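Chemist: test case, fold it:
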Amino acid sequence: MKKINILLSSSIAVLLLSSCNPILDREMILTMTEKQALESYDVAQKRVNGLYTYLPNGFSPVGGAMMAAASDEAEYSVASSSVHMFNNGSWNPLNNPDNVWTYYYQGIRQATLFLETADQINMERYKLDPQNQADYEMRMANIERWKYEARFLRAYFYSELVKRYGGVPLANELMDMDTDYRNIPRNTLQECIDFIVDECGQVAPHLPAVYQASDMGRVTRGAALALKSRVLLYAASELFNNPVWAQGYERKDLISLSGTDRQTRWENAAKAAGEVLWGADVAEAGYKLSGNYQSLFRSFSDNEIVLVRRNGYDNSFEKSNYPIGADQATGGTAPSGNLVDAYETTGGRTFTWKDPSMAARPYENRDPRFAATIMPNNSTFQGRPVECWEGGADGPDKNNASRTGYYLLKYVDPELKLLQGQSAIHSWIIIRLGEIYLNYAEAMNEAYGPDAKGIYGKSAREAVNEVRGRVGMPDVVADSKEEMREKIRHERRVELAFEDHRFWDVRRWMTAPDDLNAPLKGVKVTRLSYNSFEYQSVEVESRSFKRSMYFYPIPQNELNITGWPQNPLW
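Modeler: Take a look at the predicted model:
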């Protein structure tokens, strides 16, 4: 815990010196006392803006790979990447490829530091100057809003920790180096969920529904309610309510919720999602499903986006994910055959390699989201066909080529000329409306079945069909809660592919032993003649999932200081 609690002056210095202009900031620190820093409006603004840098950037978080490559969505083609530890089972409390414990506690600490010192910002010179009253009122309103932004961001950081580790310490007060860290407990899972949900509910009314263009990307009322929706969905799910997998573990309150009223939990999750979709408090935001699924992931301001992290101009994601025969391509996240085979036909039929007509032309007449997400063999890339056969420009015999026979298109800007140094702005979508529709569908189905109307007058079936209808897919066919459950899970798989959901979904559903122990699949492409190919589904590699992997292990260095109980089976 020493890593998450440092002296006040050190916190300010670290934050300022890591912001956008380190030279100017260093000069500011050298000429500014701690008191002056805490009283400065400009420094306060910089401190709040700095909190946004802790939001996740899902383009390459683990050994250069997307989290998709740690699930059955993808394979990362660079053999040396640490992401492979997730798939071969070699990670442990001393070596976790996604060790974000310190990272998020740094964000939590900085948010708490701001909240505990915001009232020290000195506005006296504006308050006492009759000519500056409008400026004074504007700045005071900003300071007040920043407090709610900081509270939301702190709650968000906790949500990232909780889905990984279960119950974690709620360190919401600054502590000095004299603190006995052995007396700081892990809070229970229930306490953590309650804190996040309560914070979201409290801050939402004080955040704007929309911002002016100059402030786009800041957290909104909708973002607070959407996070509440996500956290309540997790809280109602199997993993957080059924600790049978952790037999013999004494502190089940760290990994499971108290009580047995899952019906109420599902109802609360459905209500929270409905509040984002149809609630009057967020109507001003104008959220709606995008009319163009593919371009959505190269946008910063689409009305479907609820919470986003905007990055600067860059082309590293294209270098990592362009077909390997492209100039400067280095190899990256290759979609799996497991995912590709999950995309239905345009008529809603399940794809199967056992159907000779489907196997002969496997990429024709598929769910439009397939073509917006995947580059298969013979698709067009920068005016040429993608060549995934042995000997082809992008084939498996090339160094760091896709081992699955597929390349990624989602989030990729396919038009960049890398040799000319072209780049593009990339925005990582953290929460969008498509997810909230599916949150609502899942919670409504579990609470009431597929066709019951909730307080917003919408059923689970209608919510799923909204998402499918956006891309022209037919309505789902499901006659029972159980059938609808599988349809909703399928829909999350294809709609939210490569958006950092699958890794967590199969854990909270507790289907990971089946999904993540299954072999990873790909396709073998044989070129018969010009523009004529034979396709065969093949196994690319075996995968390993153990029950301990439902939650991450607490980092060993933290246990050495605190004596906390480790998570089950580690």
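
Chemist: what about the strands in the stretch 401-550 of the chain?
Modeler: Under the criterion DSSP state E, counting those that start in this stretch, strands of the stretch 401-550 of the chain are mapped to 407-408, 424-432, 520-529, 532-541.

Chemist: and for the stretch 251-400 of the chain?
Modeler: 305-314, 333-335, 374-375, 380-381, 384-385.

Chemist: looking at those, which is buried most?
Modeler: strand 333-335 (a mean of 29; mean count of other C-beta atoms under 10 Å). Every residue, glycine included, has its C-beta placed from N, CA and C.

Chemist: helices of the stretch 351-500 of the chain, start to end?
Modeler: Assigned by DSSP state H, counting those that start in this stretch, the helices in the stretch 351-500 of the chain fall at 356-360, 368-373, 433-448, 460-469, 481-495.

Chemist: ok, and for the second one, which residues are buried?
Modeler: When you say that, I think you mean helix 368-373. Within helix 368-373, the residues that count as buried by 16 or more other C-beta atoms under 10 Å are 369-373.

Chemist: could these go into a markdown table alongside pLDDT and distance to Ala280?
Modeler: Listed next are the buried residues of helix 368-373 as a markdown table, based on pLDDT from 0 to 100; distance: C-beta to C-beta, whole Å:
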| residue | pLDDT | distance to Ala280 |
| --- | --- | --- |
| Arg369 | 99 | 31 |
| Phe370 | 99 | 37 |
| Ala371 | 98 | 37 |
| Ala372 | 98 | 33 |
| Thr373 | 99 | 34 |
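
Chemist: I figured Lys147 hits Leu115, correct?
Modeler: Yes: contact criterion C-beta atoms under 8 Å: Lys147 and Leu115 qualify, at 6.1 Å.

Chemist: contacting residues around Ala512?
Modeler: 506, 545, 549-550 (C-beta atoms under 8 Å, 6 or more residues apart in numbering).

Chemist: what about the helices in the stretch 101-250 of the chain?
Modeler: With DSSP H, counting those that start in this stretch as the criterion, the stretch 101-250 of the chain has helices spanning 101-117, 124-127, 133-165, 189-203, 221-236.

Chemist: the ones you listed: lowest mean pLDDT?
Modeler: Ranked by mean pLDDT, the helices of the stretch 101-250 of the chain end with helix 124-127 at the bottom, a mean of 80.

Chemist: low-scoring stretches of the protein, by residue?
Modeler: Applying pLDDT under 70 to the chain flags the ranges 1-32, 176-182.

Chemist: tell me, what residue is most central in it?
Modeler: Per C-alpha atoms, centre = their mean, the C-alpha nearest to the average position across the chain is that of Asp500, at 4.4 Å.

Chemist: residue contacts, that residue?
Modeler: Contacts of Asp500 by C-beta under 8 Å, 6+ apart are 56, 58, 66-68.

Chemist: try 10 Å this time
Modeler: For Asp500, the contacting residues are 56, 58, 61, 66-68, 70-71, 73, 428-430, by C-beta atoms under 10 Å, 6 or more residues apart in numbering.

Chemist: quick check, nearest of the residues you listed to Arg493?
Modeler: Nearest to Arg493, judged by C-beta to C-beta, of the contacts of Asp500 is Glu73 at 8.2 Å.

Chemist: near the closest one, how many other residues are there?
Modeler: As a burial measure, Glu73 scores 28 neighbours (other C-beta atoms under 10 Å).

Chemist: buried ones in stretch 407-420?
Modeler: Result for stretch 407-420 [16+ other C-beta under 10 Å]: buried residues 407-414, 416.

Chemist: wait, which of the helices of the stretch 351-500 of the chain is closest to Leu289?
Modeler: helix 433-448 (5.7 Å).

Chemist: hmm, back to that, can you put the strands of the stretch 401-550 of the chain in TSV and add distance to Gly469?
Modeler: Converted to TSV, these look like this (distance: least, C-beta to C-beta, whole Å):
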stretch	distance to Gly469
strand 407-408	25
strand 424-432	16
strand 520-529	29
strand 532-541	30
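
Chemist: out of these, which comes closest to Arg186?
Modeler: strand 424-432 (25.7 Å).

Chemist: who are the packing partners of that closest one?
Modeler: On a contact count with 3 or more C-beta pairs under 10 Å, 6 or more residues apart in numbering; DSSP states H and E, strand 424-432 meets helix 221-236, helix 293-296, strand 305-314, helix 316-321.

Chemist: go again using 7 Å as the cut-off
Modeler: helix 221-236, strand 305-314 (3 or more C-beta pairs under 7 Å, 6 or more residues apart in numbering; DSSP states H and E).

Chemist: which of these sits closest to Ala111?
Modeler: helix 221-236 (14.2 Å).

Chemist: the closest one versus strand 424-432: what angle between them?
Modeler: Calculated by axes from the mean of the first three to the mean of the last three C-alpha atoms, to 10 degrees, helix 221-236 forms an angle of 60 degrees with strand 424-432.

Chemist: quick one, what contacts the closest residue to Leu207 other than its chain neighbours?
Modeler: Once flanking residues are discounted, Leu207 sits nearest to Arg221: 4.6 Å by C-beta to C-beta, 6 or more residues apart in numbering. Counting by C-beta atoms under 7 Å, 6 or more residues apart in numbering, Arg221 makes contact with 204, 207-209, 281-282.

Chemist: show the buried residues in those residues.
Modeler: Applying 16+ other C-beta under 10 Å to those, the neighbour count classes 204, 207-208, 282 as buried.

Chemist: that older thread, for the helices of the stretch 101-250 of the chain, which one sits closest to Val83?
Modeler: Closest among those, once you apply C-beta to C-beta, is helix 133-165, at 15.3 Å.

Chemist: ok, back up a step: narrow the contacts of Ala512 to those in helices?
Modeler: When DSSP state H defines the helices, the subset of these inside them is Val506.

Chemist: dump the contacts of Ala512 into JSON lines; add neighbour count as well.
Modeler: Listed next are the contacts of Ala512 as JSON lines, based on neighbours: other C-beta atoms under 10 Å:
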{"residue": "Val506", "neighbour count": "22"}
{"residue": "Phe545", "neighbour count": "21"}
{"residue": "Met549", "neighbour count": "19"}
{"residue": "Tyr550", "neighbour count": "22"}
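
Chemist: now flag whichever of the contacts of Ala512 is closest to Glu364.
Modeler: Among the contacts of Ala512, and counting by C-beta to C-beta, the member closest to Glu364 is Val506, at 29.0 Å.

Chemist: so who does the residue nearest to Leu225 when sequence neighbours are not counted touch?
Modeler: Spatial nearest neighbour of Leu225, chain neighbours left out: Val276 (4.9 Å); criterion: C-beta to C-beta, 6+ apart. Counting by C-beta under 7 Å, 6+ apart, Val276 touches 222, 225-226, 229, 282, 436.
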